[in-house]
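1. A predicted structure for the sequence below; I have some questions about it.
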Amino acid sequence: MLQQALRQHLRQTCSEQELHQWFDPLDLRLDDAQQRLEVRFPHPHFARWFEAQALERFTAGVRDVVGTSVALVFPEGIKTTDRSTVQPPSQPPLASESVACPFGAAFTFDAFITNRKNQFPLAAAREAARNGHQRTYNPFVLCGASGNGKTHLLRALANELAALYGTDAVFCGSAEELHDRYNTEERLAMRRTLCAHRALLLDDLHRLRALPDLREELTALFDHFYDHGKQMAFAYAGRLSDLDFLEAPLRSRLELGLIVDLKEPDLDVRVRYIHARCAALSLQLAREHVLTLAQRCHEFRHLSGLLLKVAAYRDMVGRDILDRELEQILRNTDSGPERAVAPDTIISAAAEHFGVTPRDILSDKRQQHIVQARQVAMFLCRELIGSSFPALGRMFGGKDHSTAMYAVKKIKKLQYDNKDMHALVAELKRRCLNHDG
């Protein structure tokens, strides 16, 4: 198979980590009759990242394996040279500094579903990604009710900046996550670490109410990033007036940039969001079911949680959901937005099934059953929480993000190849989503 042969050849010059990052996600289709190799990408953001980071290495490998008579075709729009002039890179490429969509593959600007109502926040976020050095959009502040898409836009911006500067140059996390980082490292050392980044993106800014020490530290970080022209972005639930607990210096700094308000998604946007999530979950819903969900659930986060429950139920019973079954799921969740699944819940469920302890999963132990428990838990955290690969690595005992990528990809493939693994993942999803806390 061409893909395997090409991968084997590239292993001579690329590390396994690099191949996991940029080669394994490719879909290669060789047409011998037409002498053309079609290269497809998982999404447009990956295509842009691939063109900047890996195209030269890839074309050189193709030239070595199949020769120069085969034309490279990129349906997503990457421009390459004529088939007879594909050349190896003029100099050894630098090691890749970033992973495509390191802050969540689902979080791209193209995947953000909106209409005119929220067109300005989307356009402004794109502009902030293009003009991070300009103070017009620094800081870039997203506000609005919970579940309106603030986290999506913030992480999409982080992915764009990671493609520009490298994953390690971008900090993107919640206020509580940043607070936890400060608790595990000496304050000035942590400040130096953060100041070495090219971009700082912080979610859930409203949680600073309970973190007075972090508010003081954030003022110092803000001054460094602003004075050095480095991009900042913040998101919080509510309006600027809801941040009345912030000290005047920090609040006035937030007002230096651009503040945009995300409105509640309209019915047609919610319907499109449901269709997109159903496609991602390989879930088929009747038109009536889609409308029912869109009419009764107004938040993206609530809809996502409900669709995960529906998909988990579908996997468990092995057929499409019935009207009465959907109604039962809605009755059980109509009291409020879907409760987030905690990582500890997922790790404990995986540990219990495999007969190990949560500590084993978070350790560096390499026994096969512990490794598989760890990989399943990583996969479920990615699926149910949407954790980024760097966040997954930190969550599981400080593992490298490439370890998390490998685990998620392996379990995803095993689900298709192994019925027992498919059933196990479905059962653990159900248990995690129905966890009583």
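-> Nice, thanks for sending it over.
2. in the chain, which helix or strand is least confident?
-> Here the helix or strand of the chain ranked lowest by mean pLDDT, DSSP states H and E is helix 16-18, holding a mean of 72.
3. and the very next helix or strand once past that helix, what does it pack onto?
-> Following helix 16-18 in sequence order, the next helix or strand is strand 27-31 (DSSP states H and E). Applying 3 or more C-beta pairs under 8 Å, 6 or more residues apart in numbering; DSSP states H and E, one finds that strand 27-31 makes contact with helix 2-10, strand 36-40. Bear in mind the C-beta positions are built from the backbone N, C-alpha and C, glycine included.
4. Show me what the longest one is in contact with.
-> Which is helix 2-10. 19, 23-24, 26, 28, 30, 37, 57, 61-62, 64-66 (C-beta atoms under 8 Å, 6 or more residues apart in numbering).
5. closest to R48 among those?
-> Set against R48, the nearest of the contacts of helix 2-10 by C-beta to C-beta is L26 (14.3 Å).
6. Could you report the neighbour count for that closest one?
-> Residues near L26, counting by other C-beta atoms under 10 Å, number 17.
7. Please report the distance of L26 from F41.
-> Distance from L26 to F41, counting by C-beta to C-beta, to the nearest Å: 7 Å.
8. List every C-alpha atom in stretch 260-273, with coordinates, as CSV.
-> C-alpha atoms of stretch 260-273 as CSV (Å, rounded to 0.1, in the frame of the first residue of the first chain):
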residue,chain,number,x,y,z
VAL,A,260,-17.4,41.7,21.4
ASP,A,261,-20.6,40.2,22.6
LEU,A,262,-21.8,36.8,21.4
LYS,A,263,-25.6,36.6,21.1
GLU,A,264,-27.7,33.5,21.7
PRO,A,265,-27.7,31.3,18.6
ASP,A,266,-30.9,31.4,16.6
LEU,A,267,-33.0,28.4,15.8
ASP,A,268,-31.5,27.9,12.3
VAL,A,269,-28.0,28.1,13.8
ARG,A,270,-28.9,25.5,16.4
VAL,A,271,-30.3,23.2,13.7
ARG,A,272,-27.1,23.5,11.6
TYR,A,273,-25.0,22.9,14.8
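9. quick one: contacts of that stretch?
-> By C-beta under 8 Å, 6+ apart, stretch 260-273 touches 113-115, 117-118, 120-121, 124-125, 140-145, 148-150, 153, 239, 290-291, 293-295, 297-300, 303.
10. chain center to that stretch, what's the gap?
-> Averaging C-alpha positions (C-alpha atoms, centre = their mean, to the nearest Å) puts stretch 260-273 20 Å from its chain's average.
11. What residues of it count as buried?
-> V260, D261, L262, K263, E264, P265, D266, V269, R270, V271, R272, Y273 (16 or more other C-beta atoms under 10 Å).
12. Farthest pair within the residues you listed?
-> Pairwise over the buried residues of stretch 260-273, using C-beta to C-beta, the maximum falls at V260 and V271, 23.9 Å.
13. Can you list the low-confidence ranges for the stretch 51-200 of the chain?
-> The stretch 51-200 of the chain contains residues with pLDDT under 70 at 64, 67-70, 76-100, 131-136.
14. can you give me the helices in it?
-> Using DSSP state H, counting those that start in this stretch, the helices of the stretch 51-200 of the chain run over 55-66, 119-130, 150-165, 175-183, 187-195.
15. what would those helices look like in JSON lines with distance to I347 and mean neighbour count?
-> What follows is those, written out as JSON lines (distance: least, C-beta to C-beta, whole Å; neighbours: other C-beta atoms under 10 Å):
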{"stretch": "helix 55-66", "distance to I347": "37", "mean neighbour count": "18"}
{"stretch": "helix 119-130", "distance to I347": "33", "mean neighbour count": "18"}
{"stretch": "helix 150-165", "distance to I347": "22", "mean neighbour count": "25"}
{"stretch": "helix 175-183", "distance to I347": "16", "mean neighbour count": "17"}
{"stretch": "helix 187-195", "distance to I347": "26", "mean neighbour count": "13"}
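16. what comes up buried for stretch 102-118?
-> 102-109, 111-114, 118.
17. List phi and psi for D323.
-> phi -60, psi -50 (degrees, to the nearest 10).
18. Quickly list what's touching both of L26 and F41.
-> Shared contacts of L26 and F41, counting by C-beta under 8 Å, 6+ apart, come down to F50.
19. next structured bit after the helix or strand that contains Y273?
-> Secondary structure from DSSP H and E places Y273 in helix 267-281. Counting by DSSP H and E, the next helix or strand C-terminal to helix 267-281 is helix 287-296.
20. same for the helix or strand following that next one, what does it pack against?
-> Next along the chain after helix 287-296, taking DSSP H and E as the criterion, comes helix 300-317. Packing partners of helix 300-317 (3+ C-beta pairs under 8 Å, 6+ apart): helix 267-281, helix 287-296, helix 323-333, helix 419-433.
21. Need the helices of the stretch 51-200 of the chain in TSV (columns: distance to D320).
-> Output for those, formatted as TSV (distance: least, C-beta to C-beta, whole Å):
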stretch	distance to D320
helix 55-66	40
helix 119-130	33
helix 150-165	28
helix 175-183	38
helix 187-195	48
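22. quick one, which of those is nearest to C14?
-> Nearest of those (C-beta to C-beta): helix 55-66, 6.7 Å.
23. Quick one: list the elements packing against that closest one.
-> So helix 55-66, by 3+ C-beta pairs under 8 Å, 6+ apart, packs with helix 2-10, strand 36-40.
24. try 7 Å
-> Helices and strands touching helix 55-66, by 3 or more C-beta pairs under 7 Å, 6 or more residues apart in numbering; DSSP states H and E, are helix 2-10.
25. Return the set of buried residues in the helix it packs on.
-> For helix 2-10, by 16+ other C-beta under 10 Å, it's L6, R7, L10.
26. same check, this time on stretch 406-413
-> Those would be Y406, A407, V408, K410, I411, for stretch 406-413 by 16+ other C-beta under 10 Å.
27. so when I look at the fourth one, I'm seeing a strand, right?
-> No - when DSSP: H, G, I helix; E, B strand; the rest coil is applied, K410 is found to be helix, with no strand at that position.
28. Grab the nearest non-local neighbour of it.
-> Q375 (5.9 Å; C-beta to C-beta, 6 or more residues apart in numbering).
29. so who does that neighbour touch?
-> Residues in contact with Q375 (C-beta atoms under 7 Å, 6 or more residues apart in numbering) are A407, K410, I411.
30. returning to what we had before: for the contacts of helix 2-10, give me JSON lines that also has distance to C195.
-> As requested, the contacts of helix 2-10 are exported to JSON lines (distance: C-beta to C-beta, whole Å):
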{"residue": "L19", "distance to C195": "33"}
{"residue": "F23", "distance to C195": "34"}
{"residue": "D24", "distance to C195": "34"}
{"residue": "L26", "distance to C195": "36"}
{"residue": "L28", "distance to C195": "42"}
{"residue": "L30", "distance to C195": "48"}
{"residue": "L37", "distance to C195": "45"}
{"residue": "R57", "distance to C195": "32"}
{"residue": "G61", "distance to C195": "38"}
{"residue": "V62", "distance to C195": "42"}
{"residue": "D64", "distance to C195": "43"}
{"residue": "V65", "distance to C195": "45"}
{"residue": "V66", "distance to C195": "47"}
